[in-house]
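Trainee: what would the 3D arrangement of this be:
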Amino acid sequence: MKKLRVGVVGLGRLGKVHAWNIAYKIPNAELAAVCSSHAGGVEFARRELGMEQVYADYREMLEKADIDAAVIVTTSSEHCWQIEAALDAGKHVFSEKPLGVDVAQCKQAEAAVERHPDLTFMLGFMRRYDESYAYAKKKIEAGAIGTPYLVKATGMDPEASVQETLRYAKTSSGIFLDLGIHDIDLMRWILGSEVTEVYAMGATFKYPGFREAGDAETGAAMFKFENGAMGMMHVGRAAPHGYHVETEIVGTDGIIRISAVPEKNLAMVYNVNGACTECVGSFPERFAGAYLNEMEEFVNCTLEGRQPGTTVYDGTKSTIIGYATTEAWKTGKIVKI
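Mentor: From the prediction side, this is the model:
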């Protein structure tokens, strides 16, 4: 069996998930190199992944490691130049979202992808590869709810991880780009149309560190699409009950709801507190299957010489919408796109 030799840069929470999947769960992939500048990432690579050498410099990994592809799971502001460097070095590329933290960076990545049409590029909008969302998309395409005209999306990180989130607040590109971009991509994908107008609000109630970083603890936005459809989004940084992602898709002939209750599993505990179900605790837990599915798709696309469904242009469009949403919040005005 031909295997794709992969190098992973970035071993934070999500980088560890991708590296683990490549090393142990995808038979036609091999984890051939890792790059991390943090002691925790280096220790994880050696202890859990069995990597004897851990690169501290990304360009050195591209130059010296025997790899076919690079998987980029670094800080958002680093994505675009790392994408360009890998493609120019002849490597296939998977990059986590967002594509870039501004449109100029995204255009830089687009140009790099266009220079190398023979190489595979994939952007990590993993919800498209989640079984529930993929099922909903198929049902919509089959006409199960008629014409979809409204998507209501909620995405809230758990309060248990709020201190870690605060550490990266100044460099995360803001709540609508960092957290809301998945819902933005999801709306475009589900509705099959582009956003033309957005109005948004943001606020901080419990953790002033977000306000001090120029960000918001929670935000809400309304979108108008070219085909007349609508979108409503609520994002937050501190859900007390756990990681909460919920989506409702309303059509002319029906409704689809996904994760109406963010359940950990199907177990229900009946005791003095009533009938209780635990909530999922983190995004790696909720979307474990999606992260594996998307990486399998990247590996298969690369080995089969085809391009995946999530493109560099999806990244640029979502970034443009995310920035417009941030502008609408900060100016208090409707922003046309």
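Trainee: using the record's assignment, carve this structure into domains.
Mentor: Per automatic domain parsing, the structural domains of the chain span 4-125+290-309, 128-286+318-336.
Trainee: in a markdown table, list those domains along with mean pLDDT and mean neighbour count.
Mentor: Where you see a C-beta, it was placed from the backbone N, CA and C, and this is true even at glycine. Formatted as a markdown table, the domains of the chain follow (pLDDT from 0 to 100; neighbours: other CB atoms under 10 Å):
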| stretch | mean pLDDT | mean neighbour count |
| --- | --- | --- |
| domain 4-125+290-309 | 96 | 20 |
| domain 128-286+318-336 | 95 | 18 |
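Trainee: how far away is the residue lying closest to R306 once chain neighbours are set aside from N293?
Mentor: The shortest distance from R306 to any non-neighbouring residue, by CB to CB, 6 or more residues apart in numbering, is to T120 (7.7 Å). According to CB to CB, to the nearest Å, T120 stands 16 Å off from N293.
Trainee: residues contacting S173?
Mentor: By CB atoms under 8 Å, 6 or more residues apart in numbering, the residues touching S173 are S76, S77, P98, V101, G322.
Trainee: would you reformat these as JSON lines and include distance to H38 and secondary structure?
Mentor: As requested, the contacts of S173 are exported to JSON lines (distance: CB to CB, whole Å; DSSP: H, G, I helix; E, B strand; the rest coil):
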{"residue": "S76", "distance to H38": "16", "secondary structure": "helix"}
{"residue": "S77", "distance to H38": "16", "secondary structure": "helix"}
{"residue": "P98", "distance to H38": "21", "secondary structure": "coil"}
{"residue": "V101", "distance to H38": "20", "secondary structure": "coil"}
{"residue": "G322", "distance to H38": "27", "secondary structure": "helix"}
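Trainee: could I get those residues in CSV, plus columns for distance to G12?
Mentor: What follows is those, written out as CSV (distance: CB to CB, whole Å):
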residue, distance to G12
S76, 12
S77, 14
P98, 15
V101, 17
G322, 21
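Trainee: show me which of these is closest to A153.
Mentor: Taking CB to CB as the measure, A153 lies nearest G322 of the contacts of S173, at 13.5 Å.
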